[in-house]
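[1] make a model of this:
(2 chains)
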2 protein chains.
Amino acid sequence: MPAATAAAATDPWRLVRHGHRKATRAQEESLFALANGSLGVRGGIEEGHSPSQGSFLSGAWERTPIEYHERFPGFARSTDTRVPVADGTRIGLRLGDTAVQLDRGEWLEFTRSLDLRHGCMQRSLRWRSADGATLEIRAERLVALDTPGLLAIRYCVRSIDYSGPITLESAIDTARDAVGQGEDPRIGTRIDGGLRNAGAAADQGQAWVRQHTSHSDIQVLCGQRHLLREGELAFATANAGPHGVVQTYAGTLQPGRQLVLEKYVAYAWTMPAEHAVPDGLPGQVEHILQQAAAAGYATLAQQQSLELERFWAATDLAICGDAETELALRLNLFHVYQSSPRDSGGSIAAKGLTGEGYEGHYFWDAEAFMLPAMVGLAPELARHMLAYRYRTLDRARLHAREMNHARGALYPWRTISGGECSAYFPSGSAQYHINAAIAWAIRLYVDASGDDAFLQAMGAEMLFETARIWLDVGHFNARRGGAFCIHEVTGPDEYSALVDNNHYTNRMAQRHLRDAAAVARRLAAENPAAYAALSARIGLHAEECAQWQRAADAMYLPVDARLGIFPQDDGFLDKPRLPPQNIDAGKQPLLLRMHPLTIYRHQVCKQADALLALVLAGDDVDREAKQRNLAYYEPVTVHDSTLSASTFAILAAEVGQLEKASGYFHETLRVDLDDLHGNAGHGLHMAAMAGSWLALSWGFGGLRVIDGVPSLAPSLPPEWTGYRFGLRWRDSQLRVEVDADGVCYSLTAGTALDFRHAGVPQHLRAGQSLRLPHTVAATDWPALPHAFKAVIFDLDGVIADTAVVHHAAWKQLAAEIGIPFDDAIGDRLKGVDRAASLDIVLENAGRRYTAAEKLALADRKNALYRDRIEHFGPADMLPGARRAIESARRAGLRIGLASASRNASLLLQRMQIADLFDHVVDAGTISQAKPHPEIFLAAARGLGVQPSECLGVEDAAAGVTSIHAAGMAAIGIGHADALAEADVVLPSVAELDIGRFLKR
Amino acid sequence: MPAATAAAATDPWRLVRHGHRKATRAQEESLFALANGSLGVRGGIEEGHSPSQGSFLSGAWERTPIEYHERFPGFARSTDTRVPVADGTRIGLRLGDTAVQLDRGEWLEFTRSLDLRHGCMQRSLRWRSADGATLEIRAERLVALDTPGLLAIRYCVRSIDYSGPITLESAIDTARDAVGQGEDPRIGTRIDGGLRNAGAAADQGQAWVRQHTSHSDIQVLCGQRHLLREGELAFATANAGPHGVVQTYAGTLQPGRQLVLEKYVAYAWTMPAEHAVPDGLPGQVEHILQQAAAAGYATLAQQQSLELERFWAATDLAICGDAETELALRLNLFHVYQSSPRDSGGSIAAKGLTGEGYEGHYFWDAEAFMLPAMVGLAPELARHMLAYRYRTLDRARLHAREMNHARGALYPWRTISGGECSAYFPSGSAQYHINAAIAWAIRLYVDASGDDAFLQAMGAEMLFETARIWLDVGHFNARRGGAFCIHEVTGPDEYSALVDNNHYTNRMAQRHLRDAAAVARRLAAENPAAYAALSARIGLHAEECAQWQRAADAMYLPVDARLGIFPQDDGFLDKPRLPPQNIDAGKQPLLLRMHPLTIYRHQVCKQADALLALVLAGDDVDREAKQRNLAYYEPVTVHDSTLSASTFAILAAEVGQLEKASGYFHETLRVDLDDLHGNAGHGLHMAAMAGSWLALSWGFGGLRVIDGVPSLAPSLPPEWTGYRFGLRWRDSQLRVEVDADGVCYSLTAGTALDFRHAGVPQHLRAGQSLRLPHTVAATDWPALPHAFKAVIFDLDGVIADTAVVHHAAWKQLAAEIGIPFDDAIGDRLKGVDRAASLDIVLENAGRRYTAAEKLALADRKNALYRDRIEHFGPADMLPGARRAIESARRAGLRIGLASASRNASLLLQRMQIADLFDHVVDAGTISQAKPHPEIFLAAARGLGVQPSECLGVEDAAAGVTSIHAAGMAAIGIGHADALAEADVVLPSVAELDIGRFLKR
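    All right, here's what the predicted structure looks like:
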């Protein structure tokens, strides 16, 4: 009985599907799956007989030896495969003596819905038997987010026109085997062993089955219990057989009457190492069942809603006028959240707990895609993911030895229990970038959570041990000027393999090595004892950390001279492209159609590779380069991986190609909803689902974490009138609302948050809301009519933010004389001269100060200020300032500085940009302050150009006036309202690329 | 009873081993194996129980599915494994009721010998039982070279001190299974199935077993028959059981008396396709047994000797004063010859028919190593090898489709029946160079045999179909100036995999493409009908052949600018070398100690790769470049493959490093004799064995086939006083004898042979012997004291051999006027002027010619000559001439021509070398002929240098005189005796590298 999906107004909190089609059955079982990080239950209905229905435990997997016809040292010996466990969803029906077989009757109406807010699945079926008996069956189920092994079902059968006896056969079914691999290496595998029945019992009071894996030595116990809630229903029989256990309940039905049964299914299982004490399992199962039955379904459902409340508060999602998209985003986040671990026992599998695809393995996408979303929404789950990696660190060390590395740890490409499970090493262990992804995730998690305890207890050790491997796979290559080159690895794009200098790998390794060196330095300085203990334990010497830094600094990241892009690897650009007819041959991915050699031989990408590097670690790459890379790689990428679209969406948004970004956003958003890759039936694509939130927040929202600070740069895609998303950052919850007029930031939790908007530091306090302009989209850059020969920068607020230095100096002065000082006072000092500032600082003093004292204090403050300036470094520049100045150099312009600060030259030197300037006006020679044009005219003279050939760059309205008065064009940096006079206003200097003005 | 090998004088025709050691048992079974191309029988003794003893049929193999945990399209589905068949060597003994168990008694004396001249194995054992009975057992066996399925044994047991009953239990044993793979991927593999017993019968008159493979559907029938030759021996019992059949013969022994039994074992087997008619087998077996028994052992042994006679005549081997080496060479050739196919059913397996290593597969070394030896010694066997490839051409086409090539044929990397059996494609199907090796072998075979029928019937089709693949794996790369680049292949060095522009592959593909294009042109011209038919059959268009030529001409073969070597591949030189401690870690090859990624990541070669290309197709590479490549690659090569040493030997000899060459020669020579790689027990290394002959003939002998002509350049390694080898070439048998004085060429069969010595064409007739000087070794280059600025070449005899043009013109003239003309007449014309030549030509004329007629004829001849000159091309230059001239250009010298020929400028243009000359003396301006210095002085003037700054190059004594008279140094090209005046004499212009003189 196919039925169309109803066209009713979409409820953005509820996924609803009407009708029943065999073709989409497996996909819908995936979409309607419920999970809690430990237990996953697919969305098949209780009285159905779907062969693809199944339940999984993250801890229940079998170990199978890997056969190789030719085996070489270090090849993975065995694989771990998550296997379906006993399925507790089954409730069969009997009318009189006749078993209800849904396929033999008529489906009058069937609806399934996933209630995202409350974390449960509901469904209703109105069905008429071949004999003409009509029933309405409603059921709701949940997998308890607060109880690892609990499934609860409320099952209600109502008669429309049937009178007579009815039997409910509630079963735990163990008949299902793991799926076979067939011709698709993405699904599963041959399994040697699997779960075998190891006991079962059923009577009125109990019903359980015990299962045991053959090789991994894991025991699973599954039991059930029922509450008969409504109608005349009584225990009838119980049976334990080779395919499971069943308890039957008999009653009678009349038209308009209904029977309600609550079914509780509990799982307990052993860890592989615990095989000596499996007999704790019955007690655990009994405990769960007792608690659940005592609470009852309604209470469990309430608890479930409460569990979800904080998560939905963190997501804080809205897509104005696009409920479909809002629902899809929420569905995706719900599934990632459900499949995330609640302890260190595991991570998020490629298909979560929703199916058997990829054998239930954990890959790098857990850290590179799922974790960033969870870091921003449920960081405690991200911590579990990393704790799992720490738990398997010893196994990663062993794997490194298997791969001939004398030191360090190499995480496996795919795994459950920590060992390498990849049978095809060219797209398995060769993907050394897994180490960098984990390191990247550690940094992100620590930045976002401030969880230094984690860093000290686990993170640092993982960072160091994984960093060591790079020095083994790379070397300082004398043939390339001593650059650090990394050989024979495979990047994220598995359509190239065993390549040299994969850009993604090199860039991520660079970041990894820098982070490891920085953490080592920081730990050594801040907690020398802990650092010494860790160093001793892993045999780490200072020279090794110095070598990490050197390798990072010398990392080989070439730019192709002709194309101006980062070659994906040393050989990539030399290969021919795949003939188009091979690409357009339908939906089937190349990997199912061609020998790997054929694919490797061509310039074709399965997914984003260099582009992903630019998203994850591309802070120092300018936007034009990003645009060139996107333009180059887009036509050679076939997106056969569902990981690809989100990266393209993010990068397209970053370079201002919002329509393109929208297209990719919808591809990652609807991978499973529309089954875009044809295999949602094997489970949902967790990375694509998480990727849809990344495409929203990182893409349209422009979110990045730069130097530990969350940085946003929102833009509005043309299809929406507005959108909103939330972000957890340390103790705060940030709300980001974007509409046609700009961005509004506010805190929905926490007291204050420092972040950046379009590169400009912002400080947001509870109760406050900050409305700022959009990032300027690349396509919106205004044209300036002149032929410029020089650009003249203001310093303070454009190149460096000395306001923070003044602030710090005032703060220290206040501390020295014992006067309270806070950020609110600090804010009041901005743009105020020294004497007036001192008066403000002294407002809170307990006594009056004499003029002489004041002068001394002002001098002291200035000394403090200069002292800090002395310690200025490149890191004190405003983000993107160096790049903005260099963009003028690249454009062939002369460069001047027009700053009234007498410390200007010192500052330039300290920031190591003095050599970028052709002329710095000596503030001592200037008699009239801005807005007088004197200083800009002096700069033009010094540069040897006419004022009309100059562009001035200023952050203050007075500065803009000064520029115009000098007869120059003005670029304002800051709020458009405040700089209305400027010819162009950019929200931050990071947005400034002089070349853009000259191109048009 | 271990016993030392006797130190008696070595018989160079007989391998003898004394004593019996468990450690070398398997190795010796391999060394003493006998075979005939179809049947191989290892050298275990009749009454032994060695687990590694075995018999093989080239046609008996099992098919096993290959398991992949992750399988991709095009991966080989199954492998064929040659499996041990019923072993017919078994003869057990019983003294009274006690079975003779050799291990329980004392081995008083044991000797095994392989008689190479007669093709049989003899052994004797003097043995004392625990009861004190002493026996002497002598046995001889042969595997009949003229009867595919026949093994014959003459078995003699003699009593020293035993009196009493004795029973001989003659069995066919089927108990042995194939060996398992264990940890060494080089051995064998898991076999699914294997040979199963499918019937057996034994009585007085017959004894046979039938075996059947499970998957490949091959049936084997093995039967035996006995002749009781001496002593009182009578049939006793017969038995057929699950482990085979046995017939026993009872007799009595007295001290000094002996019993002699002749045992004949016959095999017949089906091809996989013949399974419908297996019942021909009993008749075949019966026929073989009848024939053998009728002949008797002695007659069979005589026939065996006759079969070998021609082969040994062709090898014509001698190593003066080094019988050990002579024996070793002969042993190696014997084994390759034995294991060579006698029909198109197969090729030569990596370990021949001597063991189970590499599953009995055929690889590329069959064509690149074994075939070149057989081409020179037994070309009919080489033809079988190529006919086998033709028989499997359709399967190679299918394999190409499996690898996504729409056209053409790709031969499998390893195979028995023609399908790809490699489970690890990076060192399997990725080795596309297999196609080039087969093409190379086709050319070599056709050149050597003149077998144009083969070329037309099979060779051309294979050449064309295999050539097509290169256009698919390569492309004209715009980023490298349109050079033809080949991506993602693996070269011979399997310690790098999936590389771009592997030098070996590119160079061999270039040759392949050129050969294919040339054969297409030739066939189209010479046999247009056959060419049209073939083209139609395989859909070949002229444009495709033109594309082959273009790809060959544009082939990417870069030289590293800094090192002056050919990089093994695009990434090779950039990788770090393997730390030395990893290389010196004992005999075990890296592939058994490290993950492939670790190996691939380093600059380390398993075996010769670029160097092999220089040996097989390096005619256009100068010797200095070869020396640089050898010097670079030697320290990065670990020789983990037994194929490596012979290539190093050949190249070291070519560049004159004779001691080094000797070292490598002994490594390839004694691989199995001394078990240098520790795995001779799994079978003998056919490529290394053939390689030892290549190291002799190609290495020390300097043998190459250049433009279809055999070219030699012998040198004498310091350790020998002389050596000799033979070479079959078309209808001739060339003897090459080298001693301290030089080289002596003679024909031991055939009437005449054209070849080259040190680049100089030679013509050798039966009965004649040609004594010539050695090639000048690189270390022997004399120093010339001058600082030269120019070099002046003579033309005729130095740059071009116009004598052959004159010869051809005279020949045509003779044909036009109907006068006989042969090479003998032609020889008489050399150095004779036109009029005198005409008189010689007219000697055989039937009538007298008038002076006017003679003048007209002389003019006609001159017109014919000039006409031919008009069609001169680069190919008409003397070999190496262009390179010699270019060596002067490279050395920065000015270059002149001093030729008396008035056609000189025309000739230079036609040969496309006019632009290499800075000045050509106009012969018309010269008044005095050589030996007058005028012409050389004119050349120096034209070049603007002093005569003392010039080197002159001449082939005639008069020319040398002329040079010296001009005050220049003289290089003579030709025989040292004739050019004694010259400062330096080189045997040919190919030896001339001007740079050498300037370096010292």
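[2] and the residue in the stretch 201-350 of chain A positioned nearest to chain B, how many neighbours does it have?
    Across the stretch 201-350 of chain A, the shortest distance to chain B (CB to the nearest CB) belongs to A:Ala350, at 14.1 Å. Glycine gets a C-beta too; all of them are placed from N, C-alpha and C. When neighbours are defined as other CB atoms under 10 Å in any protein chain shown, A:Ala350 has 27 of them.
[3] next one: A:Ala200
    21.
[4] regarding it, what is its secondary structure?
    strand (DSSP: H, G, I helix; E, B strand; the rest coil).
[5] about what we covered before: check contacts around the residue of the stretch 201-350 of chain A closest to chain B.
    Shown in contact with A:Ala350 (CB atoms under 8 Å, 6 or more residues apart in numbering or on different chains): A:357-358, A:361-363, A:365, A:683, A:685-687.
[6] same thing but 7 Å
    A:357-358, A:361, A:363, A:365, A:686 (CB atoms under 7 Å, 6 or more residues apart in numbering or on different chains).
[7] now A:Leu616
    A:368, A:440, A:508 are the contacts of A:Leu616 under CB under 7 Å, 6+ apart.
[8] hmm, A:Ala766 is touching A:Thr751, no?
    Yes. A:Ala766 lies in contact with A:Thr751 (CB atoms under 7 Å); the separation is 5.0 Å.
[9] part of a strand, is A:Ala292?
    No. A:Ala292: not assigned to a strand; according to three-state DSSP it is helix.
[10] chain neighbours aside, what residue packs nearest to it?
    The shortest distance from A:Ala292 to any residue other than its chain neighbours is 4.2 Å, reached at A:Tyr264 (CB to CB, 6 or more residues apart in numbering or on different chains).
[11] tell me which element that neighbour is part of?
    Per DSSP states H and E: A:Tyr264 is located in strand A:258-269.
[12] distance between that strand and the chain's centre?
    Centroid separation for strand A:258-269 versus its chain: 35 Å, with CA atoms, centre = their mean, to the nearest Å.
[13] tell me the strands beside that strand, with direction?
    strand A:150-159 (antiparallel), strand A:219-230 (antiparallel) (DSSP bridges).
[14] now the element after the first one, going C-ward?
    From strand A:150-159 onward toward the C-terminus, using DSSP H and E, the following helix or strand is strand A:164-173.
[15] what packs against that following strand?
    strand A:91-95, strand A:219-230, strand A:244-253, strand A:258-269 (3 or more CB pairs under 7 Å, 6 or more residues apart in numbering or on different chains; DSSP states H and E).
[16] quick one, which of those is packed in tightest?
    Among the helices and strands packed on strand A:164-173, strand A:258-269 has the highest mean neighbour count (mean count of other CB atoms under 10 Å in any protein chain shown), at a mean of 24.
[17] that strand to strand A:91-95, inter-axis angle?
    With axes from the mean of the first three to the mean of the last three CA atoms, to 10 degrees as the basis, strand A:258-269 and strand A:91-95 are set at 150 degrees to each other.
[18] CA atoms only for strand A:258-269, dumped as CSV, please.
    In CSV, the C-alpha atoms belonging to strand A:258-269 read as follows (Å, rounded to 0.1, in the frame of the first residue of the first chain):
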residue,chain,number,x,y,z
GLN,A,258,-7.9,-1.5,23.1
LEU,A,259,-5.2,-3.4,24.9
VAL,A,260,-2.0,-1.7,26.1
LEU,A,261,1.2,-3.5,26.9
GLU,A,262,4.4,-1.9,28.1
LYS,A,263,7.5,-3.8,27.2
TYR,A,264,10.9,-3.2,28.8
VAL,A,265,14.0,-4.8,27.3
ALA,A,266,17.3,-4.6,29.1
TYR,A,267,20.8,-5.5,27.9
ALA,A,268,23.9,-6.1,29.8
TRP,A,269,27.2,-7.2,28.4
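[19] buried residues in stretch A:917-937, which are they?
    Buried residues in stretch A:917-937, defined by neighbour count with 16 or more other CB atoms under 10 Å in any protein chain shown: A:917-921, A:923, A:926, A:930-937.
[20] quick one: secondary structure of the residue of the stretch 251-400 of chain A found nearest chain B?
    For the stretch 251-400 of chain A and chain B, the shortest gap (CB to the nearest CB) falls at A:Glu359, measuring 9.7 Å. The three-state label given to A:Glu359 by three-state DSSP is helix.
[21] just checking, A:Arg112 is part of a strand?
    Yes. According to three-state DSSP, A:Arg112 belongs to a strand.
[22] and it, what's its pLDDT?
    A:Arg112 carries a pLDDT score of 97 in this model.
[23] cool, the one 5 residues further on as well?
    For A:Arg117, the pLDDT comes out at 97.
[24] now for A:Met686: which residues touch it?
    Taking CB under 7 Å, 6+ apart, one finds A:336, A:339, A:348, A:350-352, A:370 in contact with A:Met686.
[25] tell me the residues of the stretch 351-500 of chain A that contact chain B?
    Contact residues (CB under 7 Å from any CB of the partner chain) of the stretch 351-500 of chain A with chain B: A:403-404, A:423-425, A:429-430, A:473, A:475, A:477, A:479, A:485, A:487-488, A:497-498, A:500.
[26] show me where the stretch 301-450 of chain A has strands.
    Applying DSSP state E, counting those that start in this stretch to the stretch 301-450 of chain A gives strands spanning A:318-319.
[27] quick one: least confident helix or strand in chain A?
    In chain A, no helix or strand scores lower on mean pLDDT, DSSP states H and E than helix A:580-583, which sits at a mean of 68.
[28] buried subset of the contacts of A:Ala350?
    Buried members of the contacts of A:Ala350, scored by 16+ other CB under 10 Å, are A:357-358, A:361, A:363, A:365, A:686.
[29] over to A:Val209: give its phi and psi.
    phi -130, psi 150 (degrees, to the nearest 10).
[30] got it, and the one 5 residues further on?
    Note on A:Ser214: its backbone torsions stand at phi -80, psi -40 [degrees, to the nearest 10].
[31] what number of residues lie near it?
    Neighbours of A:Ser214 under the rule other CB under 10 Å: 15.
[32] these two touch, right, it and A:Leu195?
    No. In this structure A:Ser214 lies outside contact range of A:Leu195 using CB under 7 Å: 8.4 Å.
[33] what residues are shared contacts of the two?
    Common neighbours of A:Ser214 and A:Leu195, using CB under 7 Å, 6+ apart, do not exist here.
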